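Engineer: Model the following, please.
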Amino acid sequence: MAGIILNGSVIKGLMLNGSSVSAMLNGVKVFPAEEPGPTPVPLPANTIRVRTSDGNPPNKGSASYETATLVEGTTDVYDVYKSGTSFKNLLYNSSNVIEVLGGNTTGITDMSYMFYYIEMLKTVAVFDTSTVSNMDRMFYACTDLKAVPLLNTSLASNTYRMFYGCRSVETGALALYQQMSAHPPFTHGQTFRNCGSSTTTGSAELEQIPSDWK
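Structural biologist: Residues are numbered from 1 along each chain as shown. Below you'll find the model as predicted:
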């Protein structure tokens, strides 16, 4: 008679309501609960993690980043690093960047032109912007961007043309505007100019944003 197999061992002699459990189950395997996955490793300081379309490091062009390190176990994900507190022009016109997967940006104060004119950029994960004052043209002309990330804008004083020309946006612009409008940046003209204008849901959100923001 087969027994209950638990973690590779046979359990004998168990009874349930006067009957042998091993007889009833006849060799059914009982597996342990699934173990949790590995704990994510924090990114290094002053780092943005991105995915590229061709597996190469982000195109340098006018970008100001210092190093781009391939993430172990991947073929197209890079940790982009720049020292100091300014990420101005970090990935300016890096045409092969398609995703921003996260970042460790605590203490950065300037993100102006950070993703300027990256037409292929489609998705952006939220990363720390709680100390950023300058977001001028941060996502200018990211024409393939699908959603506006709800970034922390509590200290932002300049969001001029931040999402200008992001015409493929489907959602997120209205939520970010509502957050910003509680404490409007001193310079916020054209923050959402044409943002979502080529999509139905994006256009509907854009209509609800006041004209001095677009």
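
Engineer: Now do the domain split for the chain, please.
Structural biologist: 1-32, 42-214 (automatic domain parsing).

Engineer: Beyond the helix or strand harbouring residue 79, next helix or strand please.
Structural biologist: According to DSSP states H and E, residue 79 maps onto strand 77-81. Under the assignment DSSP H and E, the closest C-terminal helix or strand after strand 77-81 is strand 97-104.

Engineer: what mean pLDDT does that next one have?
Structural biologist: Averaged over strand 97-104, pLDDT sits at 97.

Engineer: Ok, stretch 181-195 next?
Structural biologist: 97.

Engineer: who's in contact with it?
Structural biologist: With contacts defined as Cβ atoms under 8 Å, 6 or more residues apart in numbering, stretch 181-195 is touched by 135-136, 148, 153-154, 156-167, 169, 173, 177, 180, 202, 206, 209, 212-214. C-beta here means a position set from N, CA and C on the backbone, and glycine is covered the same way.

Engineer: Just the buried ones among the residues you listed, please.
Structural biologist: Taking 16 or more other Cβ atoms under 10 Å as the criterion, what is buried in the contacts of stretch 181-195 is 135-136, 148, 153, 156-167, 169, 173, 177, 180, 202, 206, 209, 213-214.

Engineer: Please save the CA atoms from the strand holding residue 79 in PDB.
Structural biologist: This file holds the C-alpha atoms of strand 77-81, laid out as PDB (Å, rounded to 0.1, in the frame of the first residue of the first chain):
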ATOM      1  CA  VAL A  77      18.800  46.300 -19.700                       C
ATOM      2  CA  TYR A  78      21.200  48.900 -18.500                       C
ATOM      3  CA  ASP A  79      21.900  50.800 -15.400                       C
ATOM      4  CA  VAL A  80      22.700  54.400 -16.400                       C
ATOM      5  CA  TYR A  81      24.800  56.400 -14.000                       C
END
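
Engineer: Determine the set of other helices and strands touching it.
Structural biologist: strand 47-52, strand 67-70 (3 or more Cβ pairs under 8 Å, 6 or more residues apart in numbering; DSSP states H and E).

Engineer: quick check, distance from stretch 44-52 to the centre of its chain.
Structural biologist: 10 Å (Cα atoms, centre = their mean, to the nearest Å).

Engineer: Name the residues of that stretch that are buried.
Structural biologist: 46-52.

Engineer: out of those residues, which one sits closest to residue 131?
Structural biologist: Ranked by distance to residue 131 (Cβ to Cβ), the buried residues of stretch 44-52 are led by residue 46 at 12.4 Å.
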